[in-house]
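> take this sequence and fold it.
(one chain, ligands or ions: 1)
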Amino acid sequence: LGGHMKPQSGAMRPSSVKRILAIGSGKGGVGKSTVSSNLAVALARQGRRVGLLDADIYGPSQPRMMGLTQRPSSPDGQMIEPLKAHGVTVMSLGLMVAEQEAIIWRGPMLMGALQQMMTQVNWGELDVLLVDLPPGTGDVQLTLCTKSQPTGAIVVSTPQDVALLDARKALDMFAKLKTPVLGLVENMSFFACPDCGGVHHIFGHGGVAAEAERLGVPLIGSLPIDLETRLAGDAGAPVALGSGAMAEAYEQMAAGLIR
Ligand code: ADP
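Now for the predicted structure:
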């Protein structure tokens, strides 16, 4: 992967993929990758053929979240064979470099890698390819939205003002790039304290719902701060694989995504 390859002007969209859903956020650390991996797993559990492309090129977290440590192979030296985890076909630049290795690339190399991950990976027949975007509104988002024409985008935000402010920019970007926004996900909405039984709105309250309403975009999920979610992500087995309340929340969200 890599090299100074410019994306072709033609569509950067594998023909065997029915839908591409982009998952974005205004800023990092709001849970975009966590939501992506859990939605992928939930969709796979519903019998969908799901791919997960980790396009968060500078901070790829899907190898860890999906529990992958092997490197993808390329038997013919042309096409890359993606890996499978929890029923999901996964490709990430993080699979090609050591976990602690920094990826220090200029734009054109980045775009080359993105294009290769899209078109030189044997994705196979997929009902949906989820693309975990980098945070913000940069090159990768622009290239993906113009060259791959995603069916839709999901924006993840916390209720915190600064996160919401940036989420608005992400929403504005998708509008400008004519990628329909399917919905907003509010992550880390609240913390239900197991000791006192109280519900604490650590990052604020109501902002994402209000924003969704203002824009006429559905709020497709409100997910609490949840220890299990964090532990499961770190352990490489997303919480959506289980049977608790979080798995149910992701199942519901996934069921509404593809009709
Ligand atoms: P992003 O992709 O937006 O940078 P991540 O998905 O990597 O964010 O999440 C950042 C950190 O927060 C990770 O350690 C993840 O496990 C944790 N996290 C995400 N969502 C939740 C949640 N709902 N409850 C608890 N921890 C979470």
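
> host element of residue 22?
Following DSSP states H and E, the helix or strand that holds residue 22 is strand 20-25.

> state the mean pLDDT of that strand.
Per-region confidence: strand 20-25 scores 97 on mean pLDDT.

> neighbouring contacts of it?
Contact partners of strand 20-25, identified using CB atoms under 8 Å, 6 or more residues apart in numbering, comprise 13, 31-32, 35-36, 39, 128-133, 135, 141, 144-145, 148-157, 163, 166-167, 170, 173-174, 179, 182, 257. Placement of C-beta: from N, CA and C, glycine included.

> cool, stretch 214-224 as well?
Residues lying outside stretch 214-224 but in contact with it, judged by CB under 8 Å, 6+ apart, are 31, 35, 154, 171, 181-192, 208-209, 212-213, 229, 246, 249-250, 252-253, 256-257.

> among those residues, which are in reach of the ligand?
When CB under 6 Å from any ligand atom is applied, the members of the contacts of stretch 214-224 adjacent to the ligand are 31, 187, 188, 229.

> among the contacts of strand 20-25, which ones are buried?
Neighbour counting by 16 or more other CB atoms under 10 Å classes 13, 31-32, 35-36, 39, 128-133, 135, 141, 144-145, 148, 150-151, 153-157, 163, 166-167, 170, 173-174, 179, 182, 257 among those as buried.

> mind listing which of the residues you listed are in helices?
Within the buried ones among the contacts of strand 20-25, membership in helices is found for 32, 35-36, 39, 141, 144-145, 163, 166-167, 170, 173-174, 257, as judged by DSSP state H.

> which one of those residues is nearest residue 94?
Sorting those by how near they are to residue 94, with CB to CB, puts residue 36 at the top with 13.3 Å.

> who touches the closest residue to that closest one other than its chain neighbours in this structure?
With CB to CB, 6 or more residues apart in numbering as the criterion, residue 36 has its nearest non-adjacent residue at 4.0 Å, and that residue is residue 132. Counting by CB under 8 Å, 6+ apart, residue 132 makes contact with 23, 32, 33, 36, 37, 52, 53, 54, 55, 56, 62.

> would you check which of these are in contact with the ligand?
Restricting the contacts of residue 132 to those within reach of the ligand (CB under 6 Å from any ligand atom) leaves 32, 33.

> picking up where we left off before, can you list the strands that the strand holding residue 22 pairs with?
Using DSSP bridges, the neighbouring strands of strand 20-25 in the sheet come out as strand 128-132 (parallel), strand 152-157 (parallel).

> can you list the ones you listed in TSV and add distance to residue 68 and mean pLDDT?
Below are the strands paired with strand 20-25 laid out as TSV (distance: least, CB to CB, whole Å; pLDDT from 0 to 100):
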stretch	distance to residue 68	mean pLDDT
strand 128-132	14	98
strand 152-157	22	97
